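Student: Need coordinates for the following:
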Amino acid sequence: MRNKGKHLYLGRNYTDNLDLFKKELGEGESFDIIVREMRIVGRKAAFICIDGFVKDDVLTLVMKALLDLPRKNFGFTTIKPVLERTIPYVELSTEQQVDELIYLVMAGAILLIVDGSNEAFVIDARTYPSRNPEEPDIERVVRGSRDGFTETLVFNTALIRRRIRDPKLRVKLLKMGRRSKTDICLLYLKDVADPALVDDLTNRIEAVEIDAIPMAEKSVEELITPGNWWNPFPRVRYTERPDVAAVHLLEGHILILVDTSPSIIIAPATYFHHIHHAEEYRQNPAVGAYIRWVRFIAILMSVFVTPLWLLAALEPGILPAWLKFIGPEKVGEIPLLAQFLLGEIALDFMRMAAIHTPSPLATALGVIAALLIGEVATNIGLLIPEVILYTAVVAVGSFSTPSYELSMANRLVRLFLLLAVGLFQVPGFLAALLIVFVLASLTKSFGVPYLWPLIPLNWPALKTILVRSPVPIQNRRPSVLNTRDEWRQPAPALKRRRS
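Tutor: Numbering: from 1, shown residues only. Okay, the predicted model is just below:
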């Protein structure tokens with residue numbers, strides 16, 4: 001062994017090298033650490049790997065090829081090219097640094113150490129437990145591809161490369177976590193994405209000091225967007241669909257893929273990125289525009305229906321004559337604000353119960369919700385029918401929101417508006433609405449204004465959001481991303497964006 005700076009490197013003594021790996025990896029303490037010793041051309045050698053990560057057929061083929069080598073007296077300088085020619089596997093490399101070798105073993109690679117060599121051979125024949133790509137449950141479409149991201153990083157990058165076969169596509173591999181050493185990939189088109197933003201995201205990820213990120217992509221989001229933890233508006237978009245990821249890549253966004261997670265991060269993302277869905281582009285433009293507007297209406301209803309109805313019930317004088325029927329005939333024993341809050345809490349109870357309920361019992365859960373929360377609550381006077389009706393309307397609007405993160409943020413906004421209306425009526429509603437609007441206006445996603453292209457106003461870009469435009473005129477990239485069109489040569493110098 002020899003020290004060089006802060007790092008430890010392999011020596012030529014086989015016994016010392018093997019003892020070091022056995023000690024660091026816990027061979028004998030952990031049942032899945034495999035150390036297979038043998039002789040290669042008369043020299044001591046050992047394979048080191050982790051059971052469950054190794055392709056058995058590849059390891060058997062490599063061992064057989066090495067055992068068939070003729071027994072010759074190879075010198076220290078000749079053993080390396082002999083093994084490189086003999087090992088029948090594509091992904092083969094050498095490494096001397098001990099920390100890197102230990103990381104490679106823990107990541108699933110096979111190490112081969114040979115007596116007299118101060119370099120270990122790394123055979124990247126790893127395989128991970130995984131499931132087949134399948135359509136994501138929360139991003140279903142009527143027509144279109146049925147594949148989705150999985151928990152295996154290399155599968156996910158392959159799904160994207162299948163759709164974008166551009167040599168300018170870059171896949172930058174990073175690591176995060178002192179103990180977990182989780183693999184993280186940045187994907188971007190080199191001649192389209194903002195290089196300042198690429199550098200910024202790379203620096204943010206490399207600067208993180210944490211033991212592990214067991215929550216994968218959500219932990220990464222919170223770690224690279226410091227200072228904004230209590231802002232409910234999501235500043236990145238998540239997707240599990242490769243086609244959606246490919247579209248954002250072409251626009252100039254940067255994708256962040258985290259190993260063990262099927263959800264990938266799209267950055268930067270504005271409010272309007274969260275209200276688009278792939279289904280709009282799987283239909284013709286007229287139908288897609290209709291679907292988009294219906295979705296917009298559903299999202300607006302999920303935020304404003306219950307606060308506005310409560311405002312009309314508390315101050316019926318603000319309603320025109322033709323809307324006088326909106327107010328309740330009988331309020332009941334419980335104030336309307338308390339009824340709406342009970343309805344919101346009950347809705348969250350049912351949502352959480354649905355997540356944790358086994359599929360065979362889901363129907364029974366729906367019956368319980370309909371009978372207990374609906375009919376029985378009305379009969380005993382706990383809730384009036386209008387409260388149940390409008391709470392159900394906002395629930396449907398929330399489920400129509402493509403982004404789950406945005407639907408949760410909208411739920412908090414709705415509760416804030418309800419409290420403001422219940423306590424202060426019209427002044428409270430206007431003040432709360434102004435606070436929410438100012439908060440959204442001041443929010444930025446890695447330097448991009450959250451309400452762009454509404455604030456600041458960019459009418460051509462806003463038109464593409466309001467109306468689903470045909471494919472032939474969609475070949476424009478958002479100017480706010482500071483992207484570079486490949487037909488412009490040379491590319492203009494880009495200033496570093498502050499986030």
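Student: quick one, what contacts the closest residue to Glu279 other than its chain neighbours?
Tutor: Distance criterion Cβ to Cβ, 6 or more residues apart in numbering; nearest residue to Glu279, sequence neighbours excluded, is Val141 at 4.8 Å. Every residue, glycine included, has its C-beta placed from N, CA and C. For Val141, the contacting residues are His277, Ala278, Glu279, Arg282, by Cβ atoms under 8 Å, 6 or more residues apart in numbering.
Student: Out of those residues, flag the one nearest to Thr260.
Tutor: Ala278 (24.4 Å; Cβ to Cβ).
Student: Tell me how this protein divides into domains.
Tutor: Taking automatic domain parsing as the criterion, the chain consists of the domains 2-123, 137-276, 281-448.
Student: Tell me the most packed of the contacts of Val141, by neighbour count.
Tutor: His277 (21 neighbours; other Cβ atoms under 10 Å).
Student: which ones are touching that residue?
Tutor: Glu139, Val141, Ile291, Arg295, Pro402.
Student: Select, from those, the two members most distant in space.
Tutor: Maximum pairwise distance in the contacts of His277, criterion Cβ to Cβ, is 14.4 Å, between Glu139 and Ile291.
Student: Those two - which one has more neighbours?
Tutor: Glu139 (20 against 17).
Student: distance of the more buried one from Tyr238?
Tutor: 10 Å (Cβ to Cβ, to the nearest Å).
Student: Val35 too?
Tutor: From Val35 to Tyr238 the distance is 41 Å (Cβ to Cβ).
Student: Report the mean confidence score over the helix or strand containing Ala440.
Tutor: Assigned by DSSP states H and E, Ala440 belongs to helix 404-442. Averaging pLDDT along helix 404-442 gives 95.
Student: ditto for stretch 87-103
Tutor: pLDDT averaged over stretch 87-103 gives 91.
Student: so can I have a markdown table of the contacts of His277 showing secondary structure and distance to Met408?
Tutor: Formatted as a markdown table, the contacts of His277 follow (DSSP: H, G, I helix; E, B strand; the rest coil; distance: Cβ to Cβ, whole Å):
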| residue | secondary structure | distance to Met408 |
| --- | --- | --- |
| Glu139 | helix | 16 |
| Val141 | coil | 22 |
| Ile291 | helix | 23 |
| Arg295 | helix | 17 |
| Pro402 | coil | 13 |
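Student: Format those as TSV; extra columns: distance to Arg179.
Tutor: Shown next, in TSV, are those (distance: Cβ to Cβ, whole Å):
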residue	distance to Arg179
Glu139	33
Val141	39
Ile291	46
Arg295	43
Pro402	35
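Student: re earlier: what strands flank whichever helix or strand comes after the helix holding Ala440, and is each parallel or antiparallel?
Tutor: Downstream of helix 404-442, the next assigned helix or strand under DSSP H and E is strand 444-445. Neighbouring strands of strand 444-445 in its sheet, by DSSP bridges, are strand 448-449 (antiparallel).
Student: Give me the contact list for the partner strand.
Tutor: Contacts for strand 448-449 (Cβ under 8 Å, 6+ apart): Pro268, Ala269, Thr270, Ser441, Ile455, Pro456, Val480, Leu481.
Student: so the fourth one touches Leu454, yeah?
Tutor: Right, the one you point to is Ser441. No: if you go by Cβ atoms under 8 Å, Ser441 and Leu454 don't touch, sitting 9.1 Å apart.
Student: the more surrounded of those two?
Tutor: Between Ser441 and Leu454, counting by other Cβ under 10 Å, Leu454 is the more crowded of the two (18 against 14).
Student: quick one: contacts for the more buried one?
Tutor: Here Leu454 is in contact with Phe272, Leu462 (criterion: Cβ under 8 Å, 6+ apart).
Student: Please apply the same query to the one 4 residues further on.
Tutor: Remark: with contacts taken as Cβ under 8 Å, 6+ apart, Asn458 is in contact with Trp452, Ser479, Val480.
Student: tell me the SS of the first one?
Tutor: Of the three states, Trp452 takes coil under DSSP: H, G, I helix; E, B strand; the rest coil.
Student: so it makes contact with His273?
Tutor: No: assessed by Cβ under 8 Å, Trp452 is found out of contact with His273, at 10.0 Å.
Student: which residues touch the nearest residue to Lys330 once chain neighbours are set aside?
Tutor: In this structure, Lys330 finds its nearest non-sequential neighbour in Ile384, 6.9 Å apart by Cβ to Cβ, 6+ apart. Shown in contact with Ile384 (Cβ under 8 Å, 6+ apart): Pro328, Lys330, Val331, Gly332, Leu336, Gln339, Thr378.
Student: Quickly name whichever of those residues is closest to Ala245.
Tutor: Using Cβ to Cβ, the contacts of Ile384 come closest to Ala245 at Gln339, 42.7 Å.
Student: so which strand or helix has the closest one?
Tutor: Using DSSP H and E, the element containing Gln339 is helix 336-356.
Student: Local confidence estimate at the closest residue to Ala461 other than its chain neighbours?
Tutor: Distances taken as Cβ to Cβ, 6+ apart put Pro453 closest to Ala461, at 3.8 Å, once the chain neighbours are dropped. Per-residue pLDDT puts Pro453 at 91.
Student: For burial, what's the neighbour tally of Pro453?
Tutor: The burial count for Pro453: 20, using other Cβ under 10 Å.
Student: Same question for the one 4 residues further on.
Tutor: Summarising burial for Leu457: neighbours were counted as other Cβ under 10 Å, giving 10.
Student: now it: how far from Pro449?
Tutor: Counting by Cβ to Cβ, the gap from Leu457 to Pro449 is 11 Å.
Student: can you check Asn118 too?
Tutor: 55 Å.
Student: Same question for Pro385.
Tutor: Distance check for Pro385 against Pro449: by Cβ to Cβ, it reads 42 Å.
Student: between these two, who's got more neighbours?
Tutor: Using other Cβ under 10 Å as the criterion, Pro385 and Pro449 rank with Pro449 on top: 19 against 14.
Student: quick check: angle from the helix holding Ala440 to helix 336-356?
Tutor: 130 degrees (axes from the mean of the first three to the mean of the last three Cα atoms, to 10 degrees).
Student: Who are the packing partners of helix 404-442?
Tutor: strand 237-239, helix 285-314, helix 336-356, helix 385-399 (3 or more Cβ pairs under 8 Å, 6 or more residues apart in numbering; DSSP states H and E).
Student: redo that, cut-off 6 Å
Tutor: helix 285-314 (3 or more Cβ pairs under 6 Å, 6 or more residues apart in numbering; DSSP states H and E).
Student: how distant is the helix it packs on from the center of its chain?
Tutor: 27 Å (Cα atoms, centre = their mean, to the nearest Å).
Student: Okay, buried residues for it please.
Tutor: 288-289, 291-292, 295, 298-299, 301-314 (16 or more other Cβ atoms under 10 Å).
Student: So which elements touch that helix?
Tutor: Right, helix 285-314 is packed against helix 336-356, helix 385-399, helix 404-442 by 3+ Cβ pairs under 6 Å, 6+ apart.
Student: Let's see the distance spanning stretch 212-223 from one end to the other.
Tutor: 11 Å (Cα to Cα, to the nearest Å).
Student: Please consider this matter closed, and thank you.
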